[in-house]
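Novice: Please work out how this folds:
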Amino acid sequence: MTIVDIAKESGYSVSTVSRVLNGRRDVSPAARTKIMEIVEARHFVPNNNAKHLKQTVSMSILILVKGTSNMLFANIIEAVQTTVEDSEYSIRVHYLDEDANEVSEAIKVCREHKPMGILFLGGNEKYFREQFDQVKVPCVLVTNRGDELGFANLSSVAIDDTAAAEEAVDYLFAQGHTNIAVIGGDLQVSSTSIQRQKGCLNSFKKHGREFDEQYYSKARFAYDSAYRAMDRLLDRKLPITAVFAMSDVMAIGAIRAIHDRGLKVPDDISMIGFDGSLLADYYSPKIVTVRQDSEEMAVRSVEILLSMIDLNHQAIHELIPFELKNTESVIAR
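Specialist: Got it, this is the predicted structure:
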C-alpha cells in the first residue's frame, strides 16, 4: 500500500495524507482520524526511500496568466499561493501578453519544466480547440468556461459571464439609461469579451432595443487602453449616458478619460465595471461592478487540480455565483 492508496480509500488528497504522516498540524481532526484509522488497519509503514525520491521530482504547479493589469487575476494568484503553501507543491507563475497563445506556451513549458498541472488564468477558446490535445497534464481553466471543449484533462471554474453581463446592463436600463456604450476586448479573439457582449446584447433585446456598433469601443484590459477607448467614444459625439466596462481596470481608465474632458461620473455619464476588485471599492466614486469571488474561485481551482493530479479524478466544471454590487458610479435618469 502507498499513500496514493490511502488517499483513494480515505477520500482525501495525497498532500493531506502526507501532512498527517509527517505530523503536521494543518489538518482537520476529521481528516487525521480517518487517515490514521486506515494507516493502522492496513499496517502501513512509510517508505523513506520513496519519500526521498518524491522530493527530488518536480512538484510544481504552473499558473499561466494572460495580461499583467488584471486585478482579479492578481487576487486569484495570491489566494492560490495561500491555498497551496501548506502542500508539497510549489507554484510557478508565468505571465503572457493578453493576445498571446496560452496553449502553445503551455506545450512549451510542459516540455521544458514538466509541471504536475496547470492553472490557466484567462484563455482563448480557439487556441484550446486547436492545440490543447497536446497538453497531457491535468489543467484547470480559471475564469473561463471549459465545459463545451470536452477535454478529459481540462476542468474549469468560472462565473456565467453572459448572465452576469446581462444583469449589469439590465441594471443600467432599470435606472433609465438607454444610450449605453460598451468598452470591451477584441471580439475576434477574447472569449471573455465575446461572452460578456452576448449578455449585453441579450439585455438590449429584452428591452426592445438594438445595439448600435458605434457604441462599442475596443480596448485591452488595461487602464491606458480603456482611457483611449473612452476618448474615442467621446470623440464620436454620441449621447452616451452610461458605460458598461468589461473590467474594473477598464472602468477606472474610462472614468479618468471622462474627467479629463471636464465631465463627471456619475452626474454626466454613469459607469459600471466587472470583477469586483478591491480598488473599485476605494476609487472615487465607488464603482458599481459585477463581483466575482476570487478566493472561492482560487480555492476550488486548486482543489480540483489536486484531485486530478493526486486521485486521477475526471474533469469538473463549476460555475461560481456572482453578485452585482450597487455603489456610487450609476445614477438614475
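Novice: Return, as residue ranges, the portions of the stretch 1-150 of the chain with sub-threshold pLDDT.
Specialist: For the stretch 1-150 of the chain, the stretches flagged by pLDDT under 70 are 1, 24-26, 46-58.
Novice: And the helices in this protein?
Specialist: Using DSSP state H, the helices found in the chain span residues 3-10, 14-21, 29-41, 48-56, 71-84, 102-113, 125-131, 161-174, 191-206, 223-235, 248-260, 278-282, 294-311.
Novice: Of those helices, which stretch is the most buried?
Specialist: helix 248-260 (a mean of 24; mean count of other CB atoms under 10 Å). For the C-beta atoms, the positions are set from N, CA and C on the backbone; glycine is no exception.
Novice: quick one, it and helix 223-235 angle?
Specialist: Here helix 248-260 points in a direction 50 degrees away from that of helix 223-235 (axes from the mean of the first three to the mean of the last three CA atoms, to 10 degrees).
Novice: so who does the closest residue in space to Met71 that isn't next to it in sequence touch?
Specialist: Closest residue in space to Met71, ignoring its immediate chain neighbours: Ser277 at 4.1 Å, by CB to CB, 6 or more residues apart in numbering. Contact analysis of Ser277 by CB atoms under 8 Å, 6 or more residues apart in numbering lists 71-72, 75, 248-249, 289.
Novice: hmm, back to that, looking at the helices of the chain, which is nearest to Leu62?
Specialist: Among the helices of the chain, the nearest to Leu62 by CB to CB is helix 102-113 (5.9 Å).
Novice: Check which helices and strands that closest one sits against.
Specialist: strand 60-66, strand 90-96, strand 117-121, helix 125-131 (3 or more CB pairs under 8 Å, 6 or more residues apart in numbering; DSSP states H and E).
Novice: Mind listing residues that contact the last one?
Specialist: This points to helix 125-131. Here helix 125-131 has contacts from 101-104, 107, 141, 144, 146, 149, 151, 154, 189, 191, using CB under 8 Å, 6+ apart.
Novice: Skipping adjacent residues, who's closest to Met308 in space?
Specialist: Met308 sits nearest to Pro138 (CB to CB, 6+ apart), 3.5 Å away.
Novice: Pretty sure the one you found sits against Gln314.
Specialist: No. The criterion here is CB atoms under 8 Å, and Pro138 misses it with Gln314 at 10.1 Å.
Novice: Those two: which has the busier surroundings?
Specialist: Pro138 (24 against 9; other CB atoms under 10 Å).
Novice: Of the helices and strands packed on helix 102-113, flag the one that's most buried.
Specialist: strand 117-121 (a mean of 27).
Novice: From the rest of the structure, what touches it?
Specialist: Residues from elsewhere that reach strand 117-121, judged by CB under 8 Å, 6+ apart: 61-66, 70, 73, 76-77, 80, 102, 106, 109-110, 135, 137-144, 301-302, 305-306, 308-309.
Novice: Helix 294-311 and that one, what's the angle between them?
Specialist: 160 degrees.
Novice: Any idea how many residues pack against the residue lying closest to Asp147 once chain neighbours are set aside?
Specialist: Distances taken as CB to CB, 6+ apart place His317 nearest to Asp147, at 3.9 Å, with adjacent residues excluded. Look at His317: counted by other CB under 10 Å, it has 17 neighbours.
Novice: Relative to its centre, which residue of the chain is most distant?
Specialist: With distances taken as CA atoms, centre = their mean, the residue sitting farthest from the centre of the chain turns out to be His43, at 43.0 Å.
Novice: Now do Gln131 against Leu64, distance only.
Specialist: To Leu64, Gln131 is 13 Å away according to CB to CB, to the nearest Å.
Novice: how about the residue nearest in space to the middle of the chain, phi and psi?
Specialist: Centroid-nearest residue in the chain: Thr143, 2.9 Å away (criterion: CA atoms, centre = their mean). Main-chain torsions, Thr143, degrees, to the nearest 10: phi 80, psi -10.
Novice: what sits against it?
Specialist: Contacts of Thr143 (CB under 8 Å, 6+ apart): 72-73, 76, 121-122, 157-159, 192, 292, 297.
Novice: repeat that for 10 Å
Specialist: The contact partners of Thr143, by CB atoms under 10 Å, 6 or more residues apart in numbering, come to 66, 70, 72-73, 76, 120-123, 156-159, 161, 191-192, 275, 292, 294, 297, 301, 320.
Novice: Tell me who's in contact with Arg92.
Specialist: 58, 60-64, 109, 113, 115, 118.
Novice: can I get those residues in TSV with distance to Leu201?
Specialist: TSV is the format used below for the contacts of Arg92 (distance: CB to CB, whole Å):
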residue	distance to Leu201
Ser58	45
Ser60	41
Ile61	37
Leu62	35
Ile63	32
Leu64	30
Val109	37
His113	41
Pro115	38
Ile118	33
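Novice: Name the nearest of the residues you listed relative to Ile35.
Specialist: Distances from Ile35 to the contacts of Arg92, taken by CB to CB, are shortest for Ile61, at 22.7 Å.
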